[in-house]
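Trainee: Predicted model and sequence below, questions to follow.
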Amino acid sequence: TRYMDPQFYWGAATASYQVEGGIENNDWAEAARQGKVPVAGRATDHYNRFQEDFSLARQLGHNAHRFSIEWSRIEPEKGQFDEAAIAHYREVIAALRARGMEPVVTLWHWTLPQWVVDAGGWDSEDTAGYLRRYCERVVEEYKDEVRLWVILNEPQYWVAHAYVKGVFPPAERNIVHALTAFLHLAEAHKSVYARLKSLYPDLQFGAVESMGWIEPAVGRWMLQWFRNFAFPFLVRRHIDFMGVNYYRLWRIGKKDAPGPHASDMGWDIYPQGLGRVLKSAARWIRKPLYITENGLADARDEKRAEFIRAHIAEMLKAKKEGIDIRGYFHWSLLDNFEWDSGFWPRFGLVEVDYRTKERTVRPSAEIYKDIIKRSIISN
Ligand code: IFM
C-alpha cells in the first residue's frame, strides 16, 4: 500500500541509556554512583517492554524507528561479547520488522563501557580500534535485517558537553582534551566507515550531528558554520547519508528560559531554522539527509502538535525545493532520561509514568499520525 511506501521514513527515535533501564556497566552509571549525574536506573524499562512500545509506534502510523545499541551490553568486558545481549537486539530488530517498521540503528549514542573509560575513553587513540571491532561484530550480526546505520550520534555536541561545559562524563573541562577527543572521534568514524563499507557495500552508514540556528547571525557565519558542520564536514566523504538533529534557535548571550515560544527547558522554538539548516547541510555535505531527531520538552503537551506541524512543513518545503530528504524521526517515542537534566524534561510522543511504567499516548502523537497519513497520500 502507499501507506508503507518505503521512499520516506516517518517515525521516532530513542537511545539505549535513555530508555532501556538496567544498564550498570558504562560511564554514566559509574558517574551516577559517584553522585555526579542523575541516576537512570530502570528508566522506562523499554528493555523489557519494547514489543508493547513498538506496537504503539505502529498504531501511531510510524513506518520506521531509530534506536541505539548499548556497547556496554554487547561487549561488557574487553573483547568479550555477550550472546544474550546480541540475541536481545536481534529480537528488537525482528519486532520492528514484524510490524513493517524500518530499523535505523545507532552504534554509539554517547555511552562508553566502563572498560573503555578505564583504557582512556575518547582521550585515547585506542578507542577508535575498540569501536571498530564492536561495530564490525554488531553489523555482522544484523546485516541482513538492518540497512541504515548511524555510526556516531552528535559527536561534536557530545565533546562540547563532556570536555568544554563539563556536564557529561568524563566532565573534564579541558580544551586540549576536547580537541583530542574530537579528532579521535573523527578518526574513529572514518575508520569504522571504511571497514564497514568495504565489508558491506550495499548497506548505508551515516553520521548524525546536532544542528541549530544561531542568532544574531550577522558577522557570525563562522560560528554558525562551526556549530553545525565542523564534524560533518570532516567526514563528508566517509558517509552515505547525513542525519540532522534539529531542536532550536540559539540566541548568543541569552540564557535559556521557558516562555511562550520556548520549550520546558527554555529552548527557543524556531521551525524556520530547520529549513535553513537543511539547505546549508545539502550545500556543505552533499549527501542524502534524514532528520534523525526533532522535538521538545513539553510535559503538558501544549506546544508539541504545532511544533511537529510547523517543522514538518519546513522540511516538506525544503524537499519540494529539491533537497534530498528521506525521513523524519521525532525525538522521542517515549519520555526518557535526559542526561544531566534527569527525568523531568518530557520529550515523549508517549508519556511514561516512571512509577508504574504505564504508557499514555499524548494527543500530539495522534496529530503526528494524521500528518504522516496526509503526507503519504499527497506524495
Ligand atoms: O536526548 C537528547 C539525545 O540523546 C541527543 N540529541 C538531543 C536530545 C535532546 O536533548
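Mentor: Happy to help now that I have it. Note that the coordinates shown come from a computational prediction; the quantities given were computed from them, not determined experimentally. Numbering: from 1, shown residues only.

Trainee: Every contact and neighbour count from this point should use C-alpha atoms.
Mentor: Fine.

Trainee: Quick one: mean pLDDT over the one helix or strand Val104 maps to.
Mentor: In the assignment (DSSP states H and E), Val104 maps to strand 102-108. For strand 102-108, mean pLDDT rounds to 98.

Trainee: what does it rub up against?
Mentor: Contact partners of strand 102-108, identified using Cα atoms under 8 Å, 6 or more residues apart in numbering, comprise 9, 15, 63-71, 93, 96-97, 135, 146-153.

Trainee: to the chain's geometric centre, what's the distance from that strand?
Mentor: Relative to the mean C-alpha coordinate of its chain, strand 102-108 is positioned 9 Å out (Cα atoms, centre = their mean, to the nearest Å).

Trainee: Could I have the CA atoms of the helix or strand just after it written out in PDB?
Mentor: Going down the chain from strand 102-108, the next helix or strand is helix 114-118, by DSSP H and E. The C-alpha trace of helix 114-118 is given here as PDB (Å, rounded to 0.1, in the frame of the first residue of the first chain):
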ATOM      1  CA  GLN A 114      33.500   1.100  31.800                       C
ATOM      2  CA  TRP A 115      36.500  -0.900  30.400                       C
ATOM      3  CA  VAL A 116      36.800   1.600  27.500                       C
ATOM      4  CA  VAL A 117      36.800   4.500  30.000                       C
ATOM      5  CA  ASP A 118      39.400   2.800  32.100                       C
END
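
Trainee: Would you indicate which residues of helix 114-118 are buried?
Mentor: Residues of helix 114-118 classed as buried: 114-117 (neighbour count, 16 or more other Cα atoms under 10 Å).

Trainee: Same check on stretch 133-146?
Mentor: 134-139, 143, 146.

Trainee: Return the subset of those residues lying in strands.
Mentor: Secondary structure of the buried residues of stretch 133-146 is defined by DSSP state E; no position falls in strands.

Trainee: so which strand or helix has the nearest residue to Gln51 once chain neighbours are set aside?
Mentor: Of all residues not flanking Gln51 in the chain, Ala95 sits nearest, at 6.4 Å (Cα to Cα, 6 or more residues apart in numbering). For Ala95, the enclosing helix or strand under DSSP H and E is helix 83-98.

Trainee: which strands and helices sit next to that helix?
Mentor: helix 46-59, helix 71-74, strand 102-108, helix 127-142 (3 or more Cα pairs under 8 Å, 6 or more residues apart in numbering; DSSP states H and E).

Trainee: CA atoms only for the strand or helix carrying Ile372, dumped as PDB, please.
Mentor: Counting by DSSP H and E, the element that carries Ile372 is helix 363-378. The C-alpha coordinates for helix 363-378 follow below in PDB (Å, rounded to 0.1, in the frame of the first residue of the first chain):
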ATOM      1  CA  PRO A 363      -2.700  13.900  21.900                       C
ATOM      2  CA  SER A 364       0.100  15.400  19.700                       C
ATOM      3  CA  ALA A 365       1.100  11.800  18.800                       C
ATOM      4  CA  GLU A 366      -2.300  11.400  17.100                       C
ATOM      5  CA  ILE A 367      -1.800  14.700  15.200                       C
ATOM      6  CA  TYR A 368       1.600  13.500  14.000                       C
ATOM      7  CA  LYS A 369      -0.200  10.300  12.900                       C
ATOM      8  CA  ASP A 370      -2.600  12.400  10.800                       C
ATOM      9  CA  ILE A 371       0.200  14.400   9.300                       C
ATOM     10  CA  ILE A 372       2.000  11.200   8.300                       C
ATOM     11  CA  LYS A 373      -1.100   9.900   6.700                       C
ATOM     12  CA  ARG A 374      -1.800  13.100   4.800                       C
ATOM     13  CA  SER A 375       1.800  13.500   3.500                       C
ATOM     14  CA  ILE A 376       1.900   9.900   2.300                       C
ATOM     15  CA  ILE A 377      -1.400  10.300   0.400                       C
ATOM     16  CA  SER A 378      -0.400  13.600  -1.200                       C
END
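
Trainee: how big is the angle separating it from helix 46-59?
Mentor: 50 degrees (axes from the mean of the first three to the mean of the last three Cα atoms, to 10 degrees).

Trainee: quick one: the helix or strand hosting Leu185 to chain centroid distance?
Mentor: According to DSSP H and E, Leu185 maps onto helix 175-199. Relative to the centre of its chain, helix 175-199 is centred 18 Å away, using Cα atoms, centre = their mean.

Trainee: tell me the angle it makes with helix 127-142.
Mentor: Here the directions of helix 175-199 and helix 127-142 differ by 30 degrees (the same axes, to 10 degrees).

Trainee: Which strands or helices does whichever helix or strand comes after helix 175-199 pack on?
Mentor: Later in the chain than helix 175-199, the nearest helix or strand by DSSP H and E is strand 204-215. If you count contacts as 3+ Cα pairs under 8 Å, 6+ apart, strand 204-215 packs onto strand 148-153, helix 155-159, helix 175-199, helix 221-234, strand 241-251, helix 271-285.

Trainee: go with 6 Å
Mentor: Packing contacts for strand 204-215, counted by 3 or more Cα pairs under 6 Å, 6 or more residues apart in numbering; DSSP states H and E, involve strand 148-153, strand 241-251.

Trainee: That's all I had, so thanks and see you.
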